[in-house]
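Asks: Predicted model and sequence below, questions to follow.
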Amino acid sequence: MIHDALSLSKLCTRTTLTWYICNVPDKPNTLLKSPLIEGRLVGDMNAALGLDGILRWSYSAWTKNPRKDIRYKTQGFPSGDFSLVYPSKIGTIEESLRIKQFQIGVMDFELLHRLQDKISAEEFKALFETIKLNPDYSSYMQDHHNTKSGLYSTEYIDYAELRTKVVERLMQIEATGK
């Protein structure tokens with residue numbers, strides 16, 4: 001769950017609380033250098049931290065010729081920071097693997113959101129042990145730019161197991177009412 005002060009503020013103001021991905025912090029992120037699983041992780045983090053959503057600053061800010069070179073010649077913008085989709089040869093949009101993982105994370109978030117009000121807070125929190133998610137977000141940063149290592153699993157099997165647990169629990173509740 002999000003920090004008590006944020007939670008109270010959200011409750012009192014009936015505000016939507018989201019977070020933002022850009023080139024800082026370095027992880028989790030959806031950059032080319034980022035492990036693909038981080039695109040999925042952001043959905044699970046949203047649910048675990050009690051947030052309402054995420055803003056990804058750029059979807060398709062392409063270079064002059066993105067089919068040949070996606071690097072920007074500016075300092076501080078790593079490859080992949082500007083685009084999650086690319087133009088195809090025939091003029092349609094091609095999705096990157098990074099956006100596909102992001103979409104899977106959105107599905108995880110939706111499933112977790114559906115389950116959250118149907119189970120205890122303790123049971124909900126325990127689900128995130130499957131992906132080894134550190135619940136203390138205030139300890140995530142190593143410095144102003146870099147996130148500490150070991151805050152979450154980078155193994156796909158752990159995320160598949162989390163999804164399975166959530167779906168099975170939702171099915172159990174639907175079948176039995178508890």
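Replies: Here it is on my side, so go on. Values in this document were obtained by computation on a predicted structure and should not be read as measured data.
Asks: do you know how far the most centrally placed residue in the chain is from Tyr20?
Replies: For the chain, Val42 is the residue whose C-alpha lies nearest the centre (Cα atoms, centre = their mean; 0.9 Å). Per Cβ to Cβ, to the nearest Å, Val42 is found 11 Å from Tyr20. Yep, even glycine has a C-beta here, placed from its N, CA and C like the rest.
Asks: same check, this time on Ile99
Replies: 17 Å.
Asks: out of these two, which sits in the busier spot?
Replies: When Ile99 and Tyr20 are compared on other Cβ atoms under 10 Å, the one with more neighbours turns out to be Ile99, at 19 against 9.
Asks: Who's the closest spatial neighbour of the more buried one, skipping the chain neighbours?
Replies: Closest residue to Ile99 apart from its sequence neighbours, by Cβ to Cβ, 6 or more residues apart in numbering: Leu84 at 4.0 Å.
Asks: Pro78 too?
Replies: That would be Leu31: by Cβ to Cβ, 6+ apart, it lies 4.9 Å from Pro78.
Asks: isn't the one you found right next to Asp81, touching?
Replies: Yes - counting by Cβ atoms under 8 Å, Leu31 sits close enough to Asp81 to count as a contact (5.7 Å).
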